[in-house]
Each structure stands twice: as structure tokens, then as C-alpha cells.
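Colleague: sequence first, then the predicted structure:
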Amino acid sequence: METTNKLKDINEVLEFLYQEFPECFKQKDGIKPLKVGIFKDIAERIEGSEKVSKTQVRQALRKYTSNWRYLEAVTKSEFRIDLDGNHGAKVEQEHIDHAQKALEESRAKMAKRKKAQRPRNDSDTKPYKKKPGQFSKSADKNVKVNTAPAKAAPVKRSGKIEPLPASEVKVNNKVKVKLGQALVNAVITEVNKDDVHVELVTGMQVKTKADSLYII
């Protein structure tokens, strides 16, 4: 019979992680990048727990690792930590660059939302008026206007990206996963029929499909 004692709110699951692994998970101060593959370690430690499920832990990890404080920690820390707070592998430059990009994009979205919510000022829509005696250059017959279309900048093409063979969709295999228009390095943490769970270089847990995976 399935237990009904499991936590329901994602913040309660995070609180569970703070209490269960205080040397690893921090609410504000002392946040450090998590060990790659830490979801597997947590799953082993909480096996049989009546409070949280693996799915809930994965969701909590996604929220924890997408937080600004965590992303900043990835860009500033030298080492990753395990569940007991011990130093592990060094944070690679690729991971730092990805975290910095994610941080900038998140902040840009936040600024855009705030701008959309801000009351419009009349001066923002005030039409531009020419000063007396001011003429457009295009009105001067002696001025030649270049109407030729601008040449498009050459598209930089990276190396050939090959889809990951079905035989290689295995736990612990390193892959590239397509997120929007970008390809990000990741590690497969779980394969459940058509769904594949991967852990990004920042530690974020993502569910995707096998056809979104590519060879590194």
C-alpha cells in the first residue's frame, strides 16, 4: 500500500534536503556546486524513505541548481562537493561558462518581466519632432542613399553533430542534450522507457527524449 506521508510541496522537499544533508545543501550562505551525479547518491541514501520520492528529489534539485545563488557559486568555486561536504572534482571552465550564461539569461528574463509590469510613461511614446529648419538627409538630392541590401554575416558552422545511437542511451554515459537551440554537456542519470533523465554540467536535472541526445 502506497504511503500518504510523503511531502507534497517542493519547498518542503528542499527543507528535507537541508536537514538531511546540511553539509551539502545550503539555503543562502555557503552554497557550493554539487558533485556531478549527486542525484544517484541521494537516491541511495533515501532508499525506502516515507517522506520523499526520487521524482520529488529530482524536482527539488532542478529548483536548487537553477537558483541565482547556486549559479553564482558555480562561477566562483574551485571544487564541487559531495553529500557530506567533501571536495570532489574541480569545476571545469565549460561548466563556469554555462552557469554564467544561464545566470545572464535568467536575469535578463526577470528584467524584461519587470519592465513589462512597469506603468508606461507618456514620454516613452512621445513622437519625435523635428526642429525648425532641420531636414532629413534623404531629402537632399546630392546625398546618395545606398539602397542595396546588406550582406548577411557568414554563418559559423560547428563540427558535425551526430545523434546518440539507441544502444548508447545508458545511465552514466556522457552526452550532449539539446535545450532550445543550444547543445549542453550532460550525464544520463536514468532511462525510463521513452523518457531520459540527464544531469547538466551545472547540476540541474532535466527530463528529455532520446532523440534530443547527441554524441559528445
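Modeller: Cool, the structure landed.

Colleague: ok, the spatially most central residue of the chain - contacts?
Modeller: In the chain, the residue lying closest to the centroid (CA atoms, centre = their mean) is residue 102, at 5.2 Å. Under the criterion of CB atoms under 8 Å, 6 or more residues apart in numbering, the neighbours of residue 102 are 66, 71, 202. For glycine as for every other residue, the C-beta is placed from the backbone atoms N, C-alpha and C.

Colleague: secondary structure class for residue 106?
Modeller: Following DSSP: H, G, I helix; E, B strand; the rest coil, we place residue 106 in the helix state.

Colleague: contacts only, for it.
Modeller: Going by CB under 8 Å, 6+ apart, residue 106 touches 66, 68, 71.

Colleague: can you check residue 215 too?
Modeller: Counting by CB under 8 Å, 6+ apart, residue 215 makes contact with 161, 162, 163, 164, 168, 175, 176.

Colleague: who touches stretch 29-49?
Modeller: 17, 20-21, 24, 26, 52, 54, 57-58, 61, 65, 69-70, 73-74, 77, 79-83, 85, 88-89, 91, 95, 172, 187, 189, 199, 201-203, 205.

Colleague: recalculate using a threshold of 7 Å.
Modeller: Identification of contacts with stretch 29-49 by CB atoms under 7 Å, 6 or more residues apart in numbering yields 52, 54, 57-58, 61, 65, 69-70, 73-74, 77, 80-83, 88-89, 91, 187, 189, 199, 203, 205.

Colleague: residue 101: which element?
Modeller: helix 93-117 (DSSP states H and E).

Colleague: that helix: what's the following helix or strand?
Modeller: Later in the chain than helix 93-117, the nearest helix or strand by DSSP H and E is strand 174-179.

Colleague: mind listing what the following helix or strand past that following strand pairs with, with the direction of each?
Modeller: The C-terminal neighbour of strand 174-179 among helices and strands, as given by DSSP H and E, is strand 182-192. Strand pairing for strand 182-192, using DSSP bridges, gives strand 174-179 (antiparallel), strand 195-200 (antiparallel).

Colleague: next, the buried residues of strand 182-192.
Modeller: Buried residues in strand 182-192, counted by 16 or more other CB atoms under 10 Å: 183, 184, 185, 186, 187, 188, 189, 190.

Colleague: what does that strand rub up against?
Modeller: By CB under 7 Å, 6+ apart, strand 182-192 touches 36-37, 39-40, 94, 98, 161, 169-177, 196-201, 214, 216.

Colleague: buried only: go through these for me.
Modeller: Those of the contacts of strand 182-192 that meet the buried threshold are 36, 39-40, 98, 173, 175-177, 196-201, by 16+ other CB under 10 Å.
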